[in-house]
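> Mind looking at a prediction? Sequence and model below.
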Amino acid sequence: MASVDDNIVDIFEPYAPYEGEGPPSTFPLLSIAEIEALPPPRWLVHEAIAEDGISIIYGDPGAGKSFVALDMSIRIALGIDWFGRKTQKTGVLYIAGEGSRGVGKRLTGWRIKHGLDKIDAPFMLLPMAVQFLEADDVNKLLRTIDEAMIRAAYDIGLIVIDTVSRSIAGQDENGQETMSAFVKACDKVRSHCGGAIIGIHHSGKDKERGMRGSTVLLGACDAAIRLSKSERTVTLEFEKQKDAEEARPVFINLEPVFWDVGNFGASEEISTLVPVLAERSAEGADVLSMMQIREAFAALADAWAAGKPLSNKPQTRSDGRYAPLIFSIKLGGSADVWKEAITQWLANDALEYEMYDKKTKRFGIRVLNPIL
């Protein structure tokens, strides 16, 4: 097998016409008519989770990532809406890498809350972590998926990995090679079952830079949903969506649910939390205070003066310059609301995009006319 270095050398060799036997191999090509005839994206959760993609749900510890992922998974297994979005029913395999005890309690509470404690669904739990960088574990997972299909009597169209960190235990999350290998293993699993993968991941130490570890994961995923928690309310922000428009945030509450069980002849109260849509008006969520706006303009001016101007472009998340996320974390309000506000200020000539580094041709936001 040729090494990477050998292949690089071969690339720079002069091109030689094909002289082998039979027709030469080429890459496939599509005409405009063939491109337009391609089928539209198919969704497990409409315009949120692609039917055959990799999606990431991430946030800080305690933000409710596993509660949200479990809620979404059960709804997909039952074919019922997820916070107003249609779902495509399919079998689910949930890999509980951080332990299975809590999953059972959360599942019971969810079914009680929604009056579905007597209804079954093609939902299977794998109660331990699978090491996605170990070939034996990945092959064992493929056999387990086949067994899950038999047990559930349903195709398994969604694999949930809770968490990404537990599935690459002992490896360098910041390394491009590690995350590239993880993505490759996910692709192998998706190809085997013809379905989607949702990975549960953590925010980085610097929240403004998004999810923890190498940016390879963000680049490879089809969708990224960021969770942040303030008191009882959890905000779900759709930070990346490859095949749909950026959606508005979803606000949910983690509502406690209680029930009694018999234990050693006595009654014992059990409780858990269940995600429910927050009763929060869009008008109330969209209002930025004068103080927030004043501080935002000051931050934009300071960043420009320091030679590290902020941006409204989503691709600047990776270098920590994405203003909507920075303002959401530091000043409050959703990133979606901040993005709309900055777009309006740019249109009104209160702000402008200007090149600040001619060498790299990088642009940033400069304050022209503070509005307060």
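Nice, thanks for sending it over.

> Tell me, how many residues neighbour residue 183?
The burial count assigned to residue 183 is 20, neighbours taken as other CB atoms under 10 Å. For every residue, glycine as well, the C-beta is placed using N, CA and C.

> That one touches residue 222, doesn't it?
No: taking contacts as CB atoms under 8 Å, residue 183 lies outside contact range of residue 222: 11.4 Å.

> what's the overlap in contacts for these two?
residue 54 (CB atoms under 8 Å, 6 or more residues apart in numbering).

> thinking residue 98 is in contact with residue 167, fair?
No: applying CB under 8 Å, one finds residue 98 not in contact with residue 167, separated by 10.5 Å.

> How far does the helix or strand that residue 71 is a member of sit from its chain's centre?
Under the criterion of DSSP states H and E, residue 71 resides in helix 65-78. Counting by CA atoms, centre = their mean, to the nearest Å, helix 65-78 is centred 14 Å from the centre of its parent chain.

> Quick one: mean pLDDT for that helix?
Mean per-residue pLDDT for helix 65-78: 96.

> Kindly report the same for stretch 314-324.
Taken as a whole, stretch 314-324 has an average pLDDT of 83.

> Stretch 295-309 now?
Across stretch 295-309, pLDDT averages out at 91.

> Could you do stretch 245-264 as well?
Taken as a whole, stretch 245-264 has an average pLDDT of 80.

> same thing with stretch 339-354?
85.

> okay, now the domains of the protein?
Per automatic domain parsing, the structural domains of the chain span 4-36, 43-277, 284-367.

> From residue 14, how far off is residue 325?
Computed as CB to CB, to the nearest Å, the residue 325 to residue 14 distance reads 48 Å.

> More neighbours: the two, which one.
Counted by other CB under 10 Å, residue 325 and residue 14 do not tie: residue 325 has more neighbours, with 26 against 4.

> coming back round to it: comparing residue 98 and residue 167, which residue is more hemmed in?
Comparing residue 98 with residue 167 by other CB under 10 Å, the one with more neighbours is residue 167, at 24 against 16.

> Quick check, the more buried one in contact with residue 128.
No: checked against CB under 8 Å, the pair residue 167 and residue 128 is beyond contact range at 10.7 Å.

> Overlap in contacts, these two.
Common contact partners of residue 167 and residue 128 (CB under 8 Å, 6+ apart): 95, 97.

> Rounded mean pLDDT for the helix or strand where residue 94 lies, please.
Assigned by DSSP H and E, residue 94 belongs to strand 91-96. In this model, strand 91-96 carries a mean pLDDT of 97.

> Contact partners for residue 127?
By CB under 8 Å, 6+ apart, residue 127 lies in contact with 96, 99-100, 103.

> Farthest-apart pair in those, please.
The distance between the two most remote of those (CB to CB) is 7.8 Å, for 99 and 103.

> Between these two, which has more neighbouring residues?
Ranked by neighbour count (other CB under 10 Å), residue 99 and residue 103 place residue 103 first, with 17 against 12.

> Cheers, nothing more for now.
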